[in-house]
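Colleague: Below are the sequence and a predicted model; questions follow.
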Amino acid sequence: KNEVEQSPQNLTAQEGEFITINCSYSVGISALHWLQQHPGGGIVSLFMLSSGKKKHGRLIATINIQEKHSSLHITASHPRDSAVYICAVPYSGAGSYQLTFGKGTKLSVIP
Amino acid sequence: DGGITQSPKYLFRKEGQNVTLSCEQNLNHDAMYWYRQDPGQGLRLIYYSQIVNDFQKGDIAEGYSVSREKKESFPLTVTSAQKNPTAFYLCASTWTLGNYEQYFGPGTRLTVT
């Protein structure tokens, strides 16, 4: 089973700061998910990436397949970015159809 | 609008009672999933289904049951055999089992006392 570690567990930032959340996994994969869970509990998919970098607005996700590591960056953070950010990877490597999830990083952005 | 609905948002039950959580999707997705989320833990897979009338156990299926009689619906029953049923339950779906991009419902928070 793929093991997923996220860091930090909790993160508090001042509005405008640059944020980085990290995700490491143990078994080689074909794609990685970044998800956002709002305080109400709903989850939305932010990115699915298999190589390089993806950007959507102020969010940037990068992945290094060789190092089994991905980062999620938020530029010019805003209080509405406050949420739990979750990394998910295939359960047992490329070709596995189930996902295994990190425990999440709780981000609080203070005005 | 396409999406996944879960009802109710909050559910309260007495210990010893079975309870069924609803999950409906109109995305025409083949695969559907049930996850459980506890504080400080990642989502854990309870059951998943690739097609109608077929479903597989996930990591923590004990004390739960599911059915998939229609493509759109994947209800989860939390039975009295589930030792610690209080949790947040999330339903998800995707086009095929090999597609990693899962769409999630809003979740149901179940409290059993």
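Modeller: Sure, I can see it.

Colleague: Could you report the neighbour count for residue 29?
Modeller: You didn't pick a chain, so chain A it is. 22 (other C-beta atoms under 10 Å in any protein chain shown). Yep, even glycine has a C-beta here, placed from its N, CA and C like the rest.

Colleague: I was thinking of chain B, sorry if that wasn't clear
Modeller: Quick note: B:His29 (other C-beta under 10 Å) scores 20 neighbours.

Colleague: got the contact list for it?
Modeller: Shown in contact with B:His29 (C-beta atoms under 8 Å, 6 or more residues apart in numbering or on different chains): B:71, B:93-95, B:103.

Colleague: for B:Asn28, helix, strand, or coil?
Modeller: coil (DSSP: H, G, I helix; E, B strand; the rest coil).

Colleague: let me fix that: A:Ser77
Modeller: A:Ser77 - assigned by three-state DSSP - is coil.

Colleague: Near the nearest residue to it once chain neighbours are set aside, how many other residues are there?
Modeller: Leaving out its chain neighbours, the residue that sits closest to A:Ser77 by C-beta to C-beta, 6 or more residues apart in numbering or on different chains is A:Val109, at 4.7 Å. When neighbours are counted by other C-beta under 10 Å, A:Val109 registers 20.

Colleague: Which neighbouring elements make contact with the strand or helix carrying A:Val109?
Modeller: If you go by DSSP states H and E, A:Val109 is part of strand A:105-110. Counting contacts by 3 or more C-beta pairs under 8 Å, 6 or more residues apart in numbering or on different chains; DSSP states H and E, strand A:105-110 is packed against strand A:10-14, strand A:19-25, strand A:83-90.

Colleague: nearest to chain B, of those?
Modeller: strand A:83-90 (6.6 Å; C-beta to the nearest C-beta).

Colleague: Please list the residues of chain B that sit near chain A.
Modeller: B:31, B:40-45, B:48, B:58, B:88, B:90, B:92, B:97-98, B:100-107, B:109 (C-beta under 8 Å from any C-beta of the partner chain).

Colleague: from the residues you listed, which ones fall inside strands?
Modeller: Those of the residues of chain B next to chain A mapping onto strands are B:31, B:44-45, B:48, B:88, B:90, B:92, B:103-104, B:109, per DSSP state E.

Colleague: In contact with A:Ser77, which residues?
Modeller: A:13-19, A:58, A:107, A:109.

Colleague: strands paired with the helix or strand of chain A with the lowest mean pLDDT, and their directions?
Modeller: Between all helices and strands in chain A, the lowest mean by mean pLDDT, DSSP states H and E belongs to strand A:99-101, at a mean of 88. The strands beside strand A:99-101 in its sheet (DSSP bridges) come out as strand A:83-90 (antiparallel).

Colleague: okay, the angle between the strand it pairs with and strand A:105-110?
Modeller: Calculated by axes from the mean of the first three to the mean of the last three C-alpha atoms, to 10 degrees, strand A:83-90 forms an angle of 160 degrees with strand A:105-110.

Colleague: Quick one: residues in contact with strand A:83-90.
Modeller: Contact with strand A:83-90 is made by A:2, A:4, A:6, A:21, A:23, A:25, A:27, A:29-39, A:43, A:46, A:70, A:72, A:96-102, A:104-107, B:42-43, B:100, as judged by C-beta under 8 Å, 6+ apart.

Colleague: could you redo the helices and strands packed on strand A:105-110 as JSON lines and give each row mean pLDDT and mean neighbour count?
Modeller: Rendered in JSON lines, the data for those read as follows (pLDDT from 0 to 100; neighbours: other C-beta atoms under 10 Å in any protein chain shown):
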{"stretch": "strand A:10-14", "mean pLDDT": "97", "mean neighbour count": "14"}
{"stretch": "strand A:19-25", "mean pLDDT": "97", "mean neighbour count": "19"}
{"stretch": "strand A:83-90", "mean pLDDT": "93", "mean neighbour count": "24"}
